[in-house]
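Undergrad: Got a predicted model here, sequence first, then my questions.
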Amino acid sequence: MITGAGLLAITRRSGVAAALWAAVAFVGIAGLFVLLQAYFLAVVEVLVYAGAIMVLFLFVIMLLNLREEDLRVVSGARLHAVGALLAAGFLGGLVWTCRRAGLFEEPIRIGEQAGETSNLAVPLFQHFLLPFEIASFLLLAAMVGAVLVTKRRLT
Amino acid sequence: MTIGHLVTLAGILFTIGMLGVLSRRNILIVLLSIELMLNAAALAFVAFAVRHGNLEGQVMVFFAITVAAAEVAVGLAIVIALFRLRVTVDTDKVNLLKQ
């Protein structure tokens, strides 16, 4: 289901449809996170990806208000062929590596450490405190940068 | 469902994103494909975190999502600035640095 939604997301001609299909894919991934007992990440995934990022995308798509001929751009068949070849090679290599590492015989063991918020907070605020602070500064910088870039003219 | 299946799904998603980046010329779809690739990486991270029974992989995904949010904000800001400048979202027409 996620694969289908992802495929649809990159093949739709209309930007709005593509963004909505991508949102479906993100919600599917959040469901997988729930299955893997990564509850906090599932919630964050829905909030940030399916919520914030999709709203931002749809907002920009509608803001740009593209004409019909802008949407009709497609690359040449040669590029498509190269892309498909690369993709097949990449995927084949990945599956081969997984098979060699015996990952297909290994069932998922869940239960020792579930990704609930309280369990996740311990490593986050003990080992990863500095990256956490850096991430907050990164968000601030991105916010200021985005406002600055979209400003009409700098005085 | 095994770890291998999860990693394969992550690989398929990453491949879809890669194809999107390579074959589409609408810069918005390219950005969207990058998001798909980031999600595939997150899925692989969570799968391996479960396999090894520790939570640090999930912490890493948390940071990845943070960075993705910042990246989308800046990326879309650049798209808007670009559209204002050139009135196009076609990546092949944006070759200002080449001239």
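TA: Looks like it arrived, so ask away. Residues are numbered from 1 along each chain as shown, chains lettered A, B, ... in the order given.
Undergrad: For B:Leu22, give me its contacts.
TA: By CB atoms under 8 Å, 6 or more residues apart in numbering or on different chains, the residues touching B:Leu22 are A:79, A:82-83, A:86. Quick note: C-beta positions are derived from backbone N, CA and C, even for glycine.
Undergrad: any idea which element it lies in?
TA: helix B:3-23 (DSSP states H and E).
Undergrad: quick check: mean pLDDT across that helix?
TA: What helix B:3-23 shows for mean pLDDT is 82.
Undergrad: do stretch B:47-59 as well
TA: 81.
Undergrad: Next one: residue 67, what pLDDT does it get?
TA: As the question left the chain open, I've gone with chain A. Looking at A:Arg67, its pLDDT is 62.
Undergrad: Can you look at chain B instead?
TA: 90.
Undergrad: element containing it, please.
TA: Going by DSSP H and E, B:Val67 is in helix B:56-86.
Undergrad: That helix near chain A anywhere?
TA: Yes - judged by CB under 8 Å from any CB of the partner chain, helix B:56-86 comes into contact with chain A at B:56, B:58-59, B:61-63, B:65-74, B:76-81, B:83-84.
Undergrad: Which secondary structure elements does that helix sit against?
TA: helix A:39-44, helix A:54-64, helix A:117-126, helix A:129-150, helix B:27-52 (3 or more CB pairs under 8 Å, 6 or more residues apart in numbering or on different chains; DSSP states H and E).
Undergrad: wait, which of those helices is closest to B:Gly4?
TA: helix B:27-52 (9.2 Å; CB to CB).
Undergrad: Select from the contacts of B:Leu22 every entry located in strands.
TA: Applying DSSP state E to those, no entry is found in strands.
Undergrad: who wins for neighbours among these?
TA: When neighbours are taken as other CB atoms under 10 Å in any protein chain shown, the top entry among these is A:Gly83 (19 neighbours).
Undergrad: right, and it touches B:Arg24 too?
TA: No - look at A:Gly83 against B:Arg24 with CB atoms under 8 Å: they stay out of range, at 9.8 Å.
Undergrad: Report how many residues lie close to the closest residue in space to A:Arg99 that isn't next to it in sequence.
TA: Nearest non-adjacent residue to A:Arg99, counting by CB to CB, 6 or more residues apart in numbering or on different chains: B:Gly4, 7.3 Å away. If you count neighbours by other CB under 10 Å, B:Gly4 ends up with 20.
Undergrad: about what we covered before: mind putting the helices and strands packed on helix B:56-86 into TSV with mean neighbour count and distance to A:Ala25?
TA: Below are those laid out as TSV (neighbours: other CB atoms under 10 Å in any protein chain shown; distance: least, CB to CB, whole Å):
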stretch	mean neighbour count	distance to A:Ala25
helix A:39-44	20	14
helix A:54-64	17	11
helix A:117-126	14	24
helix A:129-150	14	24
helix B:27-52	22	7
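Undergrad: related to what we said a few turns ago, list the buried residues of the helix holding B:Val67.
TA: By neighbour count on 16 or more other CB atoms under 10 Å in any protein chain shown, the buried set for helix B:56-86 is B:57-63, B:65-66, B:68-83.
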